[in-house]
Each structure stands twice: as structure tokens, then as C-alpha cells.
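K.L.:
kindly generate the corresponding structure for this input.
(2 chains)
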Amino acid sequence: ETAVFQTPNYHVTQVGNEVSFNCKQTLGHDTMYWYKQDSKKLLKIMFSYNNKQLIVNETVPRRFSPQSSDKAHLNLRIKSVEPEDSAVYLCASSYQGASQNTLYFGAGTRLSVL
Amino acid sequence: GQQVQQSPASLVLQEGENAELQCNFSTSLNSMQWFYQRPGGSLVSLFYNPSGTKHSGRLTSTTVIKERRSSLHISSSQTTDSGTYLCALTSSFSKLVFGQGTSLSVVP
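P.N.:
From the prediction side, this is the model:
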């Protein structure tokens, strides 16, 4: 049963445009994540929030910015997309950190940059 | 270098055969998790297994911290087991590092 909801499922845009992805979890978790999955299926963490506070910020281009209004929501904005941003963006949540509990993933947002 | 190495990269099985998927890591471990991803689908947690052996139906996960490895055993494979299997470890509070995955195809 899905408990991590991502919108949109797909998004096609052109280089230079701004895009926003939304993520909401209904599990009552306090930690949320954004992962990027490339064409080779490799998953890399981008950001992690715990109770609305940024705790993990990997080396990603500055055009990426996460936004958290409360612990159930974590959105991702890309200011000016580039071709290499084409990927699947996966949102996840857990109770406390990933070192203590399993992660629950959303279905992903597939971004295509033309 | 890559902290988490999975093998094999891909595997084809006849329905009913068993499979052993390996995950080796080069960094200290807080936890190990195994996920399953159907083509075009989201990740589903199979095991949270920081150490020892855990069972779930036809699946068994074994993590041996001293040897820096974890394995996922699939017994009596079925065509519905086809997909990508990913292991991931954490060495800090919230940073989960994934392996490259094993792509499994089970044919009738």
C-alpha cells in the first residue's frame, strides 16, 4: 500500500526551465529523503531532512533546492534544468535515520529534459 | 571508490532455480538493507538486516559484518521475482549508500 506520494509521475521540459516535484508521506515519519536514479539504475542521495531540518546535503548543483513545510512534506525544485538532470527522482521517508530503520519509497518522478 | 559492490550485475534463472546475490562493502556499517525494484516501479524494502540472518518466505538475508558482506538468497525462483535487487548500507544517521544492483530475470 502506497504511503509516500509523489507528483507528478512524469515531467517533460526544456533546458533552462524551472520544475518542482512534490512529495508527501502519511506514515508519521520524521525523516525524508530525495534520491536521484540515473539511467544505469544507480541511486544517489541528494538531500535528507529530519523534522524540517536539513541534515544531509550531498554535492549537488546549486540549481537544486529542497523545501520542507512540515515533516510530512519534502519538495524539490530545480531552478534551471540541464540535460543531465534527466533521471528518476525518488522520495523516501523513515522513522528517525536510515541507520536505524527501513526506508519507504514513493513511485518516483521521471524527468526528461529536451 | 565505490563503497558498495553488488554481484552479479545480472542473472538469468530458470523458474524453480535458486539464486544468491552478493553485496560487499568497504566502509564501516551501521545497517544493511535490501530492496526490490520492478521495472518502472518504486523500491520495496525486503530486509532491514544490520547483522545475522533473517527470513521472509522464499527470501533469506545474511549479513556478516566482520567479512563486510551481505547476501540475499532466493529459493525456488518465480517469474514474478524478475526485477532489480539493490543493497544499501548506512554508515551515518541518514545517509544510505546503494550498490549498483543485480538485474534478475526468471524465465519459464
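
K.L.:
what does chain B have sitting close to chain A?
P.N.:
B:30-31, B:33, B:35, B:37, B:41-45, B:48, B:84, B:86, B:88, B:90-98, B:100-101, B:103 (Cβ under 8 Å from any Cβ of the partner chain). (Each C-beta comes from the backbone N, C-alpha and C, glycine too.)

K.L.:
and with 10 Å instead?
P.N.:
Counting by Cβ under 10 Å from any Cβ of the partner chain, the residues of chain B close to chain A are B:2, B:29-31, B:33-35, B:37, B:40-50, B:84, B:86, B:88-101, B:103.

K.L.:
restricted to helices, list those residues.
P.N.:
Taking DSSP state H, every one of the residues of chain B next to chain A sits outside helices.

K.L.:
please pick the buried ones from these.
P.N.:
B:29-31, B:33-35, B:37, B:42-43, B:45-50, B:84, B:86, B:88-90, B:92-101, B:103 (16 or more other Cβ atoms under 10 Å in any protein chain shown).

K.L.:
just checking, A:Val15 touches A:Asp85?
P.N.:
Yes: counting by Cβ atoms under 10 Å, A:Asp85 is a contact partner of A:Val15 at 9.1 Å.

K.L.:
any common contacting residues for the two?
P.N.:
A:Val113 (Cβ atoms under 10 Å, 6 or more residues apart in numbering or on different chains).

K.L.:
out of those two, which sits in the busier spot?
P.N.:
A:Asp85 (19 against 11; other Cβ atoms under 10 Å in any protein chain shown).

K.L.:
so what's that one closest to, chain neighbours aside?
P.N.:
Among residues not flanking A:Asp85 along the chain, A:Val113 sits closest, at 5.4 Å (Cβ to Cβ, 6 or more residues apart in numbering or on different chains).
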